[in-house]
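Student: Any chance you can model this:
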Amino acid sequence: MTTATTAQESRSIIRRIFRPRRYFRAAVYMSLGGFLNGYDTGSIGSITEMPTFQTSIAVLSPTMRGLTVSFLLFMGAIPSLLAGLLADKYGHVRIVLAGAVSFTIGAALEAASSDLAMLLVGRSLVGIGEGLYLGNLNVYICEIAPRARRGQLVAMPQALVTLGTCLGYFTCYGTIRIPGEMAWRLPFVIQAAGGALLALACLFLPESPRWLMARSRAQEAVHHMELLDFGQDEIQQDLRDIPQFDWHAVMDIFRKKYRFRTTLALFILGMVQLCGIDGVLYYAPTLFAQAGLPADTASFIASGVSAVLMFAISVPAFLLADRWGRRTIVFWGGVLLAGSMAIIGSLYASESVISGHGAGRWFVITLIFVFALTYVSTWGIVGKIYASEIQPAHTRATANALAQGLNFFTNFLTAFITPIFLAQSSFGPYFLFAGLTTFTLAVLLIYMPETRGRSLESI
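Tutor: Purely as a prediction, here's the structure:
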């Protein structure tokens, strides 16, 4: 009996690995959007430092470099504010598809750029695409995920962000050796191909059953839940709890009953970026060079190694997202993030970091690794999960889109000011990010209720 049971469990595990439930596959396809976001993050800073890029386009000042890198984020902020309203009307999948098409066209323009103006046009279209799809893919996954696996599945895009960042760094490390302009154009070509793949996947994905049910399309909702491999018990339980959609109810995000949820989502997705993560991810080669690594190649390698470790730690963090409480993740993540930044700032302020030799530079390099690994395994995961799951069904897309818009703006702010700030002070940015992280942690510990293990309708 025991042997038979063990064999049956083994077959079940093998089946889940090689034939995962369709809702899992749908989450993977949607998470390609996270991969593309990470790939751009990992590649654009390195591209702007390539000699062939500087010959073909321009040698960028710290201000222009910050603008070029962050322009995507600035252009993504406005469409991300509208993405929720558009998704409420047309559905999440269609808006993600529109975003993927814009992203693909923009990446193709980046690859074909003959001057900085054309490159910025391409980055604006990429930003518009990300603004449309990033918030919606998180809401879509949140709505198709069973409650027992919601944290794990909603964490998947962030896990693929780290994979994309990793491949972005190493793609540039490989292409920098290519003679001529293809050294910097090829990473953009790969980016465009990824956008086309996401658009293709959207053509075959079912719409969120919760979105359909909220619009009194119950028969379609049941059919789509069956397409996503939900059992009959899950279908009946989930559909029974879903309220009907009311266009006037979208304004509930500003009303007293829901204002706290909206404000908390805005605070989380806005402030988690102000810990400085985009400064680290976009400008990792610069940070490692500042710490004393001797050559551009060494900086690229160090950046790639940090990206590999980030992806490696994001995998268990993604798998264990529903094992830990949201507040626990926020607390330990905040302590390590603020501590890392404060120590790095102190080392630079005390002139303990000497380029080319000494132990100080290795402390800084190690702490940059600690910071990045902590973020992707804690705040990077819990922010996206929490902002989506605390909203009621009829305002989830709108509130999440508003929060995603603020997220884009704070991303832009961080990416834009980091190279300018570093050019003026070696330690100032680190103290700033440490202070903002400490403030964010204190507010969340006071106002953030636990949600792990609860259904969306009961939160």
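
Student: Let me see the ranges of the helices in the stretch 1-150 of the chain.
Tutor: Taking DSSP state H, counting those that start in this stretch, the helices of the stretch 1-150 of the chain run over residues 2-18, 22-30, 32-47, 51-56, 62-90, 92-111, 116-144, 150-154.

Student: Throw these into a markdown table and include mean pLDDT and distance to residue 452, thanks.
Tutor: C-betas here are computed from N, CA, C, even on glycine. Converted to a markdown table, the helices of the stretch 1-150 of the chain look like this (pLDDT from 0 to 100; distance: least, C-beta to C-beta, whole Å):
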| stretch | mean pLDDT | distance to residue 452 |
| --- | --- | --- |
| helix 2-18 | 50 | 22 |
| helix 22-30 | 88 | 18 |
| helix 32-47 | 91 | 21 |
| helix 51-56 | 91 | 45 |
| helix 62-90 | 86 | 25 |
| helix 92-111 | 96 | 24 |
| helix 116-144 | 91 | 14 |
| helix 150-154 | 77 | 7 |
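
Student: Quick one: closest of the ones you listed to residue 257.
Tutor: For residue 257, the closest of the helices of the stretch 1-150 of the chain is helix 62-90, at 18.4 Å, according to C-beta to C-beta.

Student: Are there helices or strands packed against that closest one, and which ones?
Tutor: helix 32-47, helix 92-111, helix 116-144, helix 277-282, helix 396-424 (3 or more C-beta pairs under 8 Å, 6 or more residues apart in numbering; DSSP states H and E).

Student: could you dump those to a markdown table with mean neighbour count and distance to residue 225?
Tutor: Output for the helices and strands packed on helix 62-90, formatted as a markdown table (neighbours: other C-beta atoms under 10 Å; distance: least, C-beta to C-beta, whole Å):
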| stretch | mean neighbour count | distance to residue 225 |
| --- | --- | --- |
| helix 32-47 | 27 | 23 |
| helix 92-111 | 24 | 15 |
| helix 116-144 | 26 | 8 |
| helix 277-282 | 25 | 36 |
| helix 396-424 | 24 | 18 |
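
Student: how about CSV for those helices, with distance to residue 166 added?
Tutor: Listed next are the helices and strands packed on helix 62-90 as CSV, based on distance: least, C-beta to C-beta, whole Å:
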stretch, distance to residue 166
helix 32-47, 7
helix 92-111, 18
helix 116-144, 19
helix 277-282, 11
helix 396-424, 19
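
Student: before we move on, back to that, closest one to residue 174 among the helices of the stretch 1-150 of the chain?
Tutor: Using C-beta to C-beta, the nearest of the helices of the stretch 1-150 of the chain to residue 174 is helix 32-47, at 10.8 Å.

Student: one step back: nearest to residue 329 among the helices and strands packed on helix 62-90 would be which one?
Tutor: Residue 329 sits nearest to helix 277-282 of all the helices and strands packed on helix 62-90, at 15.1 Å, using C-beta to C-beta.

Student: Report all helices and strands that the closest one contacts.
Tutor: Under the contact rule (3+ C-beta pairs under 8 Å, 6+ apart), helix 277-282 is packed against helix 32-47, helix 62-90, helix 360-377, helix 396-424.

Student: Please name the residues that touch residue 422.
Tutor: 62, 283, 286, 287, 290, 429 (C-beta atoms under 8 Å, 6 or more residues apart in numbering).

Student: Which one of these is nearest to residue 98?
Tutor: Nearest member of the contacts of residue 422 to residue 98, counting by C-beta to C-beta, is residue 283, at 30.7 Å.

Student: For the strand or helix carrying residue 183, buried residues please.
Tutor: Element membership for residue 183, per DSSP states H and E: helix 182-202. For helix 182-202, a neighbour-count test (16 or more other C-beta atoms under 10 Å) marks 183-192, 194-199, 201-202 as buried.

Student: ok, and the closest non-adjacent residue to residue 262?
Tutor: residue 253 (4.4 Å; C-beta to C-beta, 6 or more residues apart in numbering).

Student: my guess is the one you found meets residue 400, correct?
Tutor: No: counting by C-beta atoms under 8 Å, residue 253 does not reach residue 400; the two are 9.9 Å apart.

Student: gap between residue 385 and residue 150?
Tutor: Distance, residue 385 to residue 150, by C-beta to C-beta, to the nearest Å: 7 Å.

Student: Give the residues shared as contacts by these two.
Tutor: Counting by C-beta under 8 Å, 6+ apart, the residues touching both residue 385 and residue 150 are residue 142.

Student: just checking, residue 434 touches residue 336?
Tutor: No: under the criterion of C-beta under 8 Å, residue 434 makes no contact with residue 336, lying 11.3 Å away.

Student: picking that back up, which helices and strands does the helix holding residue 183 pack with?
Tutor: Using 3+ C-beta pairs under 8 Å, 6+ apart: helix 182-202 touches helix 22-30, helix 32-47, helix 51-56, helix 92-111, helix 116-144, helix 156-175.
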